[in-house]
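*Asks:* Any chance you could fold what I've pasted below:
(one chain, ligands or ions: 1)
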Amino acid sequence: MKSTKHLLFALFLFASFAFSQSSQVAKNRITINTDQGVHKISKHIYGHFAEHLGRCIYGGIWVGPYSPIPNTRGIRNDVVEALKEIDIPNLRWPGGCFADTYHWKDGIGPAGSRPSIVNVHWGGVTEDNSFGTHEFMDLCEQLGCEAYICGNLGSGTVQEMAEWVEYLTSDAESPMTQLRKENGREDPWKVRFWALGNENWGCGGNMTPGYYADLMRRYSTYCRNLGGNRLLKIACGPSGSDYTWTEVLMENPKNRWMMQGLALHYYTVMDGWGHKGSATQFGEWEWISTLQQTLNMEELIIRHSTIMDRYDPEKRIGLYVDEWGNWFDVEPGTEPGFLYQQNTLRDALVAAVNLNIFNNHCNRVKMANIAQTVNVLQAMILTNEEKMIRTPSYYTFRMFKVHQDATLLPLNLTCENYRFEEKQVASLSASSSLNENGIIHLSLANLDPRKSKAVKCEVRGRKITDVKGEILTAGNMNDHNDFNRGEIVVPKEFTGANIRGGILEIDIPAKSVVVLRIN
Ligand code: AHR
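*Replies:* Predicted coordinates for the structure are as follows:
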């Protein structure tokens with residue numbers, strides 16, 4: 001026993017020595033601290049968002065029960081299968097800006113007797129309300145994910161929101177539960193995540209933070225925990241760097257009492273001056289500019305968390321980044337109000353960078369929802385009638401799902417900068433976790449589109465013997481999956497990682513996302 005201990009200690013000293021020697025020359029170094037894992041990476045960081053916008057719900061998810069496209073009670077089978085494969089943990093619905101115009105009672109009862117409405121925010125199209133509360137809850141059940149419902153605080157009444165909660169979650173005898181039963185659902189559903197409005201500083205009512213805070217408290221009061229259901233109420237939070245909004249919401253103890261989450265919205269817009277640019281036609285300047293913009297997410301999280309820490313040091317209130325992702329110009333020839341954009345390798349990198357940031361801040365970030373699931377903005381899936389393709393962003397989510405509910409292993413990263421013209425960013429992004437089977441996962445992105453990076457990684461406090469991995473990359477920065485060529489940006493086995501002298505050596509190719517499984 002004693003000699004085994006000595007042997008282990010000697011091995012450890014040797015590994016540390018080898019690392020310190022090799023790290024003198026290595027410009028790109030990572031140390032994973034296996035003894036510092038404290039916080040869990042909530043699986044809800046890998047959440048999604050489906051709004052009544054363009055072809056997200058109608059056509060993308062919902063085709064109706066009589067469609068020739070294979071479906072289960074009107075919901076596309078191919079889309080459900082694809083989303084199950086990435087272990088979708090939750091789905092936010094019905095908006096977005098749409099949520100604060102949505103009156104839920106329009107979307108219940110026999111399909112033929114539901115009123116048609118005009119979607120005023122998104123293209124002014126008429127919707128027949130065939131996808132409503134029951135269909136959304138059915139979708140969540142088919143996906144095996146949790147529902148995240150955004151209530152209408154902007155144009156709906158308190159009573160309307162309270163009744164929606166009652167309709168969904170109450171098991172008592174009441175007019176709302178009676179109505180639910182008449183519409184075919186005997187048992188209440190479980191709904192945990194409940195948003196009190198969306199972007200109420202903008203499309204959700206153009207409110208000041210103080211005015212919103214008062215309304216939020218009022219609506220929160222009447223959204224009750226019914227039967228065995230427990231709501232986790234998420235208040236509208238800031239847009240990007242609006243720190244005043246966070247300060248006002250957090251400083252008042254009564255506000256803090258009425259919410260369990262604060263939402264943050266930040267979209268990556270190509271150059272920070274409002275120019276979105278094409279999703280597919282871009283050069284290296286647009287590449288680095290987009291990545292630089294997306295890296296701002298970390299500063300936003302740190303600064304909003306600093307404010308939250310002052311008032312909520314025990315971190316009772318989560319930061320919910322419930323809208324994030326790339327926002328480019330719509331594809332030429334498509335309806336501007338539908339926000340349909342293609343998705344390239346650049347999107348896969350943006351997804352990886354953000355997911356690494358969320359993982360690394362999982363002590364405050366409890367949920368994140370990429371916008372949006374199908375056919376809108378940085379989508380997971382694109383559909384064209386009966387055809388469906390998975391985007392490069394989808395594959396980043398598939399590769400990163402190993403972090404869901406794992407323990408974050410804090411890491412130290414030192415790396416070269418990637419430069420182009422007047423811009424520069426850190427060339428590497430990384431996060432690491434330990435799952436319940438003792439497996440370590442390390443996710444990496446090399447943002448440099450021209451140079452591979454040689455990385456030396458010490459897994460401190462653990463003897464490693466085996467490494468396997470997957471890589472997502474492509475020949476060109478703007479390669480993407482489309483309906484003509486099919487899927488050309490897909491993960492492949494990664495063979496560029498080896499263990500030498502107890503140190504993990506990784507040769508990460510230019511413009512790539514890599515996830516390693518380390519044992
Ligand atoms: O995701 C598209 C829109 O972006 C959402 O409806 C809104 O909340 C945000 O401004």
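*Asks:* So which residues of the stretch 201-350 of the chain form helices?
*Replies:* 209-222, 243-251, 253-258, 284-311, 345-360 (DSSP state H, counting those that start in this stretch).
*Asks:* what's the distance between the nearest residue to residue 511 once chain neighbours are set aside and the ligand?
*Replies:* Leaving aside its chain neighbours, residue 511 sits nearest to residue 449 (4.2 Å; criterion: C-beta to C-beta, 6 or more residues apart in numbering). All C-beta atoms are positioned from the backbone trio N, CA, C, and that covers glycine. To the ligand, residue 449 is 27 Å away according to C-beta to the nearest ligand atom, to the nearest Å.
*Asks:* I'd guess residue 449 is in a strand, am I close?
*Replies:* No. Counting by DSSP: H, G, I helix; E, B strand; the rest coil, residue 449 is not found in a strand; it is coil.
*Asks:* Can you name the residues of the protein that neighbour the ligand?
*Replies:* 51, 95, 96, 97, 198, 199, 323, 371, 372, 377 (C-beta under 6 Å from any ligand atom).
*Asks:* which residues touch the second one?
*Replies:* What that stands for is residue 95. Residue 95 sits next to 51, 52, 53, 101, 102, 121, 150, 198 when contact means C-beta atoms under 8 Å, 6 or more residues apart in numbering.
*Asks:* Which residue does this structure have closest to the ligand?
*Replies:* residue 96 (2.7 Å; C-beta to the nearest ligand atom).
*Asks:* List the contacts of the residue lying closest to that residue once chain neighbours are set aside.
*Replies:* Using C-beta to C-beta, 6+ apart and skipping the chain neighbours, the partner closest in space to residue 96 is residue 51 (3.7 Å). Residues counted as contacts of residue 51 (C-beta under 8 Å, 6+ apart) are 57, 93, 94, 95, 96, 97, 98, 99, 122, 371, 372, 376.
*Asks:* Tally up the residues packed near the fifth one, please.
*Replies:* I take that to be residue 96. 29 (other C-beta atoms under 10 Å).
*Asks:* What distance do you get for it to residue 352?
*Replies:* Noted for residue 96: a distance of 24 Å to residue 352, by C-beta to C-beta, to the nearest Å.
*Asks:* same thing with the last one?
*Replies:* Between residue 376 and residue 352 the distance is 20 Å, computed by C-beta to C-beta.
*Asks:* Show me which of the two is the more surrounded one.
*Replies:* residue 352 (30 against 26).
*Asks:* coming back round to it: JSON lines for the contacts of residue 95, including pLDDT and secondary structure?
*Replies:* What follows is the contacts of residue 95, written out as JSON lines (pLDDT from 0 to 100; DSSP: H, G, I helix; E, B strand; the rest coil):
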{"residue": "51", "pLDDT": "98", "secondary structure": "coil"}
{"residue": "52", "pLDDT": "98", "secondary structure": "coil"}
{"residue": "53", "pLDDT": "98", "secondary structure": "coil"}
{"residue": "101", "pLDDT": "98", "secondary structure": "helix"}
{"residue": "102", "pLDDT": "98", "secondary structure": "coil"}
{"residue": "121", "pLDDT": "96", "secondary structure": "coil"}
{"residue": "150", "pLDDT": "98", "secondary structure": "strand"}
{"residue": "198", "pLDDT": "98", "secondary structure": "coil"}
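*Asks:* closest to residue 483 among those?
*Replies:* residue 53 (20.8 Å; C-beta to C-beta).
*Asks:* pLDDT below threshold where in the stretch 1-150 of the chain?
*Replies:* Across the stretch 1-150 of the chain, residues meeting the criterion (pLDDT under 70) sit at 1-25.
*Asks:* just the strands in it please.
*Replies:* In the stretch 1-150 of the chain, the strands defined using DSSP state E, counting those that start in this stretch lie at 28-33, 47-49, 71-72, 75-76, 90-93, 117-119, 125-127, 146-151.
*Asks:* before we move on, back to that, go through the helices of the stretch 201-350 of the chain and pick out the most buried.
*Replies:* Across those, averaging neighbours per residue (mean count of other C-beta atoms under 10 Å) puts helix 345-360 on top, at a mean of 27.
*Asks:* Just the pLDDT at the residue nearest to residue 511, thanks.
*Replies:* According to the prediction, residue 449 has pLDDT 98.
*Asks:* Counting neighbours, what do you get for it?
*Replies:* Residue 449 has 21 nearby residues by other C-beta under 10 Å.
*Asks:* what's around residue 242, how many residues?
*Replies:* Residue 242: 17 neighbours (other C-beta under 10 Å).
*Asks:* Pretty sure it sits against residue 202.
*Replies:* No. Between residue 242 and residue 202 no contact is recorded; they are 10.4 Å apart, counting by C-beta atoms under 8 Å.
*Asks:* what residues are shared contacts of these two?
*Replies:* What both residue 242 and residue 202 touch, as defined by C-beta under 8 Å, 6+ apart, is an empty set.
*Asks:* Show me how this structure divides into domains.
*Replies:* Domain assignment for the chain by automatic domain parsing gives 27-37+409-518, 43-405.
*Asks:* got the end-to-end distance for the first one?
*Replies:* Meaning domain 27-37+409-518. For domain 27-37+409-518, the first-to-last residue distance is 22 Å (C-alpha to C-alpha, to the nearest Å).
*Asks:* chain center to it, what's the gap?
*Replies:* Taking C-alpha atoms, centre = their mean, to the nearest Å, one finds domain 27-37+409-518 lying 20 Å from the centre of the chain it belongs to.
*Asks:* Same question for stretch 162-171.
*Replies:* With C-alpha atoms, centre = their mean, you get 27 Å for stretch 162-171.
*Asks:* Could you do stretch 289-307 as well?
*Replies:* For stretch 289-307, the distance to the chain centre is 15 Å (C-alpha atoms, centre = their mean).
*Asks:* returning to that earlier point: can you tell me which of the domains of the chain is packed in deepest?
*Replies:* Buried most deeply of the domains of the chain, by mean count of other C-beta under 10 Å, is domain 43-405, with a mean of 20.
*Asks:* Ends of that domain, what's the gap?
*Replies:* So domain 43-405: terminal residues 5 Å apart, C-alpha to C-alpha.
*Asks:* Skip the chain neighbours and tell me the closest residue to residue 129.
*Replies:* Residue 129 sits nearest to residue 114 (C-beta to C-beta, 6+ apart), 3.9 Å away.
*Asks:* repeat for residue 302
*Replies:* residue 361 (7.5 Å).
*Asks:* And that neighbour, how far from residue 235?
*Replies:* Counting by C-beta to C-beta - residue 361 and residue 235 are separated by 19 Å.
*Asks:* ditto for residue 358
*Replies:* For residue 358, the distance to residue 235 - C-beta to C-beta - is 19 Å.
*Asks:* Let's have the contacts of residue 51 in TSV, adding distance to residue 427.
*Replies:* As requested, those are exported to TSV (distance: C-beta to C-beta, whole Å):
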residue	distance to residue 427
57	39
93	37
94	40
95	37
96	34
97	37
98	39
99	39
122	38
371	27
372	29
376	31
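*Asks:* Go through those and flag which are in helices.
*Replies:* Residues of these located in helices (DSSP state H): none.
*Asks:* ok, those residues vs residue 394, which is closest?
*Replies:* Among these, and counting by C-beta to C-beta, the member closest to residue 394 is residue 372, at 12.5 Å.
*Asks:* so the closest one touches residue 379, yeah?
*Replies:* Yes. With contacts defined as C-beta under 8 Å, residue 372 counts as touching residue 379 at a distance of 6.2 Å.
*Asks:* Spit out the residues that contact the two alike.
*Replies:* residue 56.
*Asks:* List the residues that contact residue 123.
*Replies:* By C-beta under 8 Å, 6+ apart, the contact list for residue 123 reads 54, 335, 336, 337, 338.
*Asks:* try 7 Å
*Replies:* Contacts for residue 123 (C-beta atoms under 7 Å, 6 or more residues apart in numbering) come out as 54, 335, 337, 338.
*Asks:* Double-check the third one against residue 120; I have them as touching.
*Replies:* In other words, residue 337. No. The pair residue 337 and residue 120 fails to qualify as a contact (C-beta atoms under 7 Å) at a distance of 10.0 Å.
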